[in-house]
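here is the input, now give the coordinates:
(chains A, B and C)
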Amino acid sequence: MDMYLTLIQLLDSTVRLATPLLLACLAGLYSERAGIFDIGLEGKMLAAAFFSAAIAAMTGSVWVGLAAGIAASLVLSAIHGIASITFRGNQLISGVAINFLAAGMTVLVAQAWFKQGGRTPSLIGKARFEPINLPFAEAMQDVPIIGPLYFELISGHSILVYMAFAAVPLTWWLLFRTRFGLRLRAVGENPAAVDTAGVSVVGLRFAAVGICGVLCGIAGAYLSTALQAGFVKDMAAGRGFIALAALIFAKWRPWHALYATLLFGLFGALETRPDVIESLIGMKVQGQLLSALPYVMTVIILAGFVGKAIPPRAGGEPYVKER
Amino acid sequence: MDVMPKWAEVILVPLISLVLATIISALVILAIGEDPVAAVKLMITGALGSSYGWGYTLYYATNFMFTGLAVAIAFHARLFNIGGEGQAALGGLGVALACLYIPWPHWSVALVGAAIAAGLFGAAWATIPAWLQAKRGSHIVITTIMFNFIAASLLNYVLVNKMRPKGSMDPASARFPETVQLPTLHDMLAPVGIEFSKSAPANVSLLVAIAACVFLWFLIWRTRLGYEIRSFGSSESAARYAGMPPFKIIMVTMMISGALAGMMAINNVMGEAERLVLNSVEGAGFIGIAVALMGRSHPFGVFIAAILFGFLYQGGAELALWTAIPRELIVVIQALVILFTGALDNMVRMPLERIFLALRKKGA
Amino acid sequence: MTAPPAIELKGISKSFGPVQANKDISIRVMPGTIHGIIGENGAGKSTLMSILYGFYKADKGEIFIKGKKAHIPDSQAAIAAGIGMVFQHFKLVENFTVLENIILGAEDGRFLKPSIAKARRSLIELAEDYGLHVEPDALIQDIGVGMQQRVEILKALYRQADILILDEPTGVLTPAEADQLFRILDRLREEGKTIILITHKLREIMDTTDTVSVMRRGEMTATVKTSETSPAELAELMVGRKVLLRVDKQPAKPGEVVLDIKNLHVRDEKGVERLKGIDLQVRAGEVVGIAGVAGNGQSELLEVLGGYADGTGSITVNGQSLDLTGKNSDGQSRRARGIAHVPEDRQREGLIMDFAAWENVAFGYHNDAAYRSGILMNNAAIREDAEGKMERFDVRPPNPKLAAKNFSGGNQQKIVLAREIERNPDLLLIGQPTRGVDIGAIEFIHEQIIALRDKGKAVLLVSVELDEIMALSDRIAVMFDGHIMGERLPDQTDEKELGLLMAGITDTDKPHSVEEVQQNLSFAGGDQGA
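Predicted coordinates for the structure are as follows:
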């Protein structure tokens, strides 16, 4: 039973750690499915993390904070869109610039606003997303097996976690069952087909980049207002890149994005609990290995040794009308 | 058709991008309640007003020359090496192993040995993404990003578990022996009667970096390999037709690129820290991207851009010391330079091209 | 004729940077007719039609549709005005189904299911009305080009287009497929649709159109009734002077076998077999022309011979075999064996467009002793050689420092030709020698090819222009679907016979129906009209 509880706890922290990855991964999915590569997920998350924490601290309302975080992320999305869609610039270079812009600006503004060495004040009360207890969670706590499962793992997360998980079927439905999804996928495969069919390539791509911004905004807000209580310098800590790795791992598919981010979340959870691994496989595993594992696995997937990942065909290429 | 004359392409476009980046940075400084003019003055006196300031400026510039050249050579083959950070970290490991485990008789021999070790380690770290790109078609941008993180984990492991001296809490290697200490600019200029600050870290590696600039210019524009690299970068299909082996070009280019990034370690690890610490690269690998973009991938352009960024770094450190403006201002400027010279290139270029076209029509 | 024209363009002009693609063009197309627009490559036909389809914005001029002034800022507006366009390069999403491609942009509401269901019903009707059968659920990447073209036509019809523009529709089709296309177009005309056919092939214009407009260098030179003109007159209008249809040449004096290909097989990256057992010989002092519709393996043949595609089988040059897969299978080794190669696509392969002309003169030969000193390039020697070559081949402007992209198509081709022919190769591979080349340069290029032949060298010519093949070749081999269907002598065959071979029909005594040809072309998704 002890082992079972430990496992539940481990999965619980997996869910917590997977949530920002999942949101960012889905964000990247919209953008890349529309043909816009985005290595600036990290920067957008970081900017959103700061601004949502900062505004939440100032207003005392986490919801206002969330809106501010989304807005900050959208501003960076707009820059990415203008650079890579309007001016047909290099999408990768634009992404790199956005990551630095966020890394620099968050500390700069944090210092100017709060003078705490690049952090925000700790968030308390309504300035944070509190866990939600699902109905009967308390009552069921003592029921064997499913009690702890329901109480620990399923109940007791912040609203953003449930939103992230709900975003998976929603994304699937949007992409594969609606007109918007059909056009979005088409524009990532062959923008000329969309253009000659009388649909705006620029409009679709900006829409995709915008959705990407909103989801990155939620991901960032989750980091500073739900996972932790406040912003600290560089708090995205490479999650944007792990999300990117997960996106490749998932081969640009929504349900697979969920599985990939849960897997990478599990690695993160295990990193904090070396004792669990040791008791599970009877061997000590270095934390550094676990933190490198998502990247190593992604490289292996990219190498095509285990199922080749084929990105959307028009990905990374600015659309120029052919003469 | 070439619409713009060459001088506009080489000088005007980067200059306008730089001006735009500067204006926005000034606005940012204003927005956080500081005085941009005073800030610039402070940066200039701090970075260029004394031999101490110059010593730091040139020290940073040395790092950026190596990483900038690394990105630039890859650009010539149309490869985007974002992995300079990881390659430089591995270069640091190479330097540390060479300095700690080989009894060098003199710093000059040690410098050659350490540079080779740094280059080999950096090249090795670039080889795997290069091979994956050349053989498996894995996107090199993504793989080099991944390899940056893998390098960080690897170095963390090595420093914490293997190289840390017994009893030390610090995740860093032991200090290098005195025989491998590199002469600083102070040591080098004293014999010719020039007073140079004793405490500034700029050292003999600067000359190696300058030599690397010259070497790379020669490689790109004068050798057959350079011709092949440029051909491949301009048109992969044409290179295939001509019988230039893509595999060889990708591998060799990336190895040179990785080696250059790795060689940065003779400056920061051997010349300055004199031991290997965690995160010794401090983002210089990424600054190489800005430097290469700004320098239009030309070794001389990289040289100039590296000094400019050296100035920004030293100036930024001074700002952080004397004003409320944090060091991260430099990261913002760096972001803006990458944005304007790289991603928003067309925004600057398109109106310029229109102007030149109008001028030409009037002239004709 | 009291009805207003279906389309009327008045004074359309359009420039791309310094290049003026359309100059003050006016045209009237009457409803229910097939109107041809003919002109050489680069005459501005496609640009004009792209303006009509809202793809480009005209700098000047007016568009009237059915007598009313129309403003067409984008494709959406063109579609709303009843215009449909089938581009030369299809605009289809490869990994979508036929139905998904048809509804894209013309969906019925926000959700896909009802849209797809409706499109499926319409498709059955359209198939019955016009004989346009397709497999609605097949993926585009799995069906042949002929089928893909049908999908494009269906896309336009699904959008209720009554004016249909087709841009070089037969470029990728066999003669039989083309015939079938023209039958469909006839049927569409009968139903009252207006069709604009853009082509550079005189025969298609003569066979199918009611009226024809001729374009030359961005200008409209004439509009005439097809029944009142002749191919010769049209050709003259196209190029501005009488065309020399035959090349002046002496009979060939073939010598030893230089190139001997036996049972050559090639697979592409996807593993699809593109060459299925080729046997071919080229002797010294003769030009062997490969005729065929683009995409039947000609490119792969040149690539294997040029050393940049792997193959199996045997190829010998001057009796010594070539490495087809190993480390000596590359362009460098081929050049060392006396094989020179003028590639089909000079802009993508033959030249580095950003390099100066002089650097391009060394391209492929940068390891040559004359061009190098040790690991370095001997730039001075290359520059000097470039100057001489540009003079001898009359490259204009004669400025070796100018980047390749700044030369016209014909002059770019002359740079490539100078580089390859002056190596004095035993075997010259030459693909589409005059594609996108102006008339003056065509003659010069043809003369150079014949001159090399007369020096006793072997020439393997690949061209999709049957006229060019007929004019230059001493022997013609026809390729279809990775096979050589047969060899003919130019004075003992005609375009009709070659056309049948190009469609994969070898037994020329037997009469053939279009359906049989269709069978031969073997489309995926044979269950048509389901």
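
now do the helices in the stretch 351-500 of chain C.
When secondary structure is read from DSSP state H, counting those that start in this stretch, the stretch 351-500 of chain C shows helices at C:357-361, C:379-392, C:409-421, C:439-454, C:466-472, C:495-502.

and those helices, which one is worst for confidence?
Ranked by mean pLDDT, the helices of the stretch 351-500 of chain C bottom out at helix C:495-502, with a mean of 81.

packing partners of that helix?
Other elements packing on helix C:495-502 under the criterion 3 or more C-beta pairs under 8 Å, 6 or more residues apart in numbering or on different chains; DSSP states H and E are helix C:175-190, strand C:287-291, helix C:466-472, strand C:475-480, strand C:483-488. Heads up, the C-betas are built off the backbone N, CA and C, glycines and all.

for those, which one sits closest to B:Met146?
Comparing the helices and strands packed on helix C:495-502 by their distance to B:Met146 (C-beta to C-beta), the top pick is strand C:475-480, with 45.3 Å.

and chain C, which residues reach chain B?
Taking C-beta under 8 Å from any C-beta of the partner chain as the contact definition, chain C meets chain B at C:17-19, C:306-308, C:330-335, C:341, C:343, C:345, C:348-355, C:359, C:362-364, C:366-367, C:372, C:375-377, C:379, C:403, C:405-406.

could you export the helices and strands packed on helix C:495-502 as a markdown table, including distance to C:Ile315?
Shown next, in a markdown table, are the helices and strands packed on helix C:495-502 (distance: least, C-beta to C-beta, whole Å):
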| stretch | distance to C:Ile315 |
| --- | --- |
| helix C:175-190 | 30 |
| strand C:287-291 | 14 |
| helix C:466-472 | 22 |
| strand C:475-480 | 15 |
| strand C:483-488 | 14 |
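
can I get the ones you listed in JSON lines with mean neighbour count?
Shown next, in JSON lines, are the helices and strands packed on helix C:495-502 (neighbours: other C-beta atoms under 10 Å in any protein chain shown):
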{"stretch": "helix C:175-190", "mean neighbour count": "18"}
{"stretch": "strand C:287-291", "mean neighbour count": "25"}
{"stretch": "helix C:466-472", "mean neighbour count": "21"}
{"stretch": "strand C:475-480", "mean neighbour count": "24"}
{"stretch": "strand C:483-488", "mean neighbour count": "19"}
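
which one of these lies closest to chain A?
Using C-beta to the nearest C-beta as the criterion, the shortest distance between chain A and the helices and strands packed on helix C:495-502 is 19.3 Å, found for helix C:175-190.

got the CA coordinates for that closest one in CSV?
Output of helix C:175-190 as CSV, limited to C-alpha atoms (Å, rounded to 0.1, in the frame of the first residue of the first chain):
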residue,chain,number,x,y,z
PRO,C,175,-0.5,12.7,-75.9
ALA,C,176,-3.4,10.3,-75.1
GLU,C,177,-4.1,11.9,-71.7
ALA,C,178,-4.0,15.3,-73.4
ASP,C,179,-6.5,14.1,-76.0
GLN,C,180,-8.8,13.1,-73.2
LEU,C,181,-8.4,16.4,-71.5
PHE,C,182,-9.3,18.2,-74.7
ARG,C,183,-12.5,16.0,-75.0
ILE,C,184,-13.4,17.1,-71.5
LEU,C,185,-12.8,20.7,-72.5
ASP,C,186,-15.1,20.3,-75.5
ARG,C,187,-17.8,19.0,-73.3
LEU,C,188,-17.4,21.9,-70.9
ARG,C,189,-17.7,24.3,-73.9
GLU,C,190,-20.9,22.6,-75.0
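
wait, C:Cys405 sits on C:Met353?
Careful, residue C:405 is Lys and not Cys. Yes: counting by C-beta atoms under 8 Å, a contact exists between C:Lys405 and C:Met353, whose distance comes to 4.0 Å.
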